[in-house]
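1. Would you be able to build a 3D model of this:
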Amino acid sequence: MNALIKLELARALRNRKFLFFSVIYPSVLFLLIAGQADDTTRIDGTGLTLPTYMMVSMASFGALTAVLMGNSERIAKERESGWVRQLRLTTLPGRGYVLAKTAGAAVVSLPSIVVVFAVAAAVKGVRLDAWQWLALTGAIWAGSLVFAALGVAIGYLASGDAVRPITMITYFGLSILGGLWMPSTTFPQWLQDIAEWLPTHAYAALGQAIEQSQAPHTQDVAILAVFFVLFSGGAAWLYRKDTLKA
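-> Numbers count the residues shown, from 1 in each chain. Below is the predicted model of the structure:
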């Protein structure tokens, strides 16, 4: 399994388009959204300035991009090309393949988080305590596993031709409705009520709580836990189903 993880990392690092969208793109969006914002206006209901709020949102968005986009399309294409079938002939267990995919995407997601933090600190002067920077990095990185599981599920659900549109609709839908591109407090009330139950909203809320020196809300942790069980369970079921077809 270690050899497969190294292979996944090497492939991801050679993919310039993937690196741009997972590492550079979130920082560019942060500068576009928060670049002209002042440091005094607070986001309703959070007490955070727009740069501080969007820093967590874009770091979460970058990690989401790495684990969701990276997993779903690769798995669907590898199933179609026969690569997954070849791996099944080796001693590698099914869970090893899934873990290798998740680990490879998770490692690539870390730079996207760090780069957004560095840009926010250097350009917008965002300042936090050392423990907050470390806690933010750990929380966003760990939370991305929820969407890594979703990426695996989509990869086994969709064919090579259908995986991209399905992934893109899921990706942009969760990002926008979850409040990663703009504060959900700007939404109509009925849409805010929906957003509160989305995993991306709970994901960003973890980091926002840390920025406010507060413990994450129990509801947000519970929502992420439930979605992780659903996504990972769905991925496992789809993997077994795909194995029976092979």
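2. what's the distance between the longest helix along the chain and the middle of its chain?
-> When the chain is parsed with DSSP state H, its longest helix is helix 94-123. Distance, stretch centre to chain centre, for helix 94-123: 8 Å (C-alpha atoms, centre = their mean, to the nearest Å).
3. nearest residue to the residue nearest the centre of the chain other than its sequence neighbours?
-> Central residue of the chain (C-alpha atoms, centre = their mean): Leu64, 1.6 Å from the mean position. Using C-beta to C-beta, 6 or more residues apart in numbering and skipping residues adjacent in sequence, the residue nearest Leu64 is Phe147, 5.1 Å away. For glycine as for every other residue, the C-beta is placed from the backbone atoms N, C-alpha and C.
4. name the element that neighbour belongs to?
-> helix 130-157 (DSSP states H and E).
5. How about that helix, which residues are buried there?
-> Neighbour counts over helix 130-157 (16 or more other C-beta atoms under 10 Å) mark 133, 135-137, 139-141, 143-157 as buried.
6. Name the surrounding residues that touch the next helix or strand after that helix.
-> Heading C-terminal from helix 130-157, the first helix or strand you meet, by DSSP H and E, is helix 163-177. Outside helix 163-177, the residues that touch it by C-beta atoms under 8 Å, 6 or more residues apart in numbering are 61, 64-65, 68-69, 72-73, 76-77, 147, 150-151, 154-155, 157-158, 180-182, 191, 194-195, 198-201.
7. Give me the angle between helix 163-177 and helix 130-157.
-> For helix 163-177 against helix 130-157, the angle by axes from the mean of the first three to the mean of the last three C-alpha atoms, to 10 degrees is 140 degrees.
8. Sort out which residues of helix 163-177 are buried, please.
-> By 16+ other C-beta under 10 Å, the buried positions in helix 163-177 come out as 163-164, 166-167, 170-171, 174-175, 177.
9. could the residues you listed go into TSV alongside distance to Val56?
-> Converted to TSV, the buried residues of helix 163-177 look like this (distance: C-beta to C-beta, whole Å):
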residue	distance to Val56
Val163	29
Arg164	28
Ile166	27
Thr167	23
Thr170	21
Tyr171	18
Leu174	16
Ser175	13
Leu177	17
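10. What spatial separation is found between Ala76 and Val107?
-> Distance of Ala76 to Val107, given as C-beta to C-beta, to the nearest Å: 21 Å.
11. Show me which of the two is the more surrounded one.
-> Between Ala76 and Val107, Ala76 has the larger neighbour count (other C-beta atoms under 10 Å), namely 24 against 16.
12. Could you find the closest non-adjacent residue to the more buried one?
-> In space, and not counting its chain neighbours, Ala76 is closest to Val163: 3.8 Å by C-beta to C-beta, 6+ apart.
13. Now do the SS call for Asp38.
-> Secondary structure, DSSP: H, G, I helix; E, B strand; the rest coil: Asp38 is coil.
14. so how many other residues sit close to it?
-> With other C-beta under 10 Å as criterion, Asp38 counts 8.
15. Now do the phi/psi pair for it.
-> Asp38 adopts backbone torsions of phi -80, psi 170, taken as degrees, to the nearest 10.
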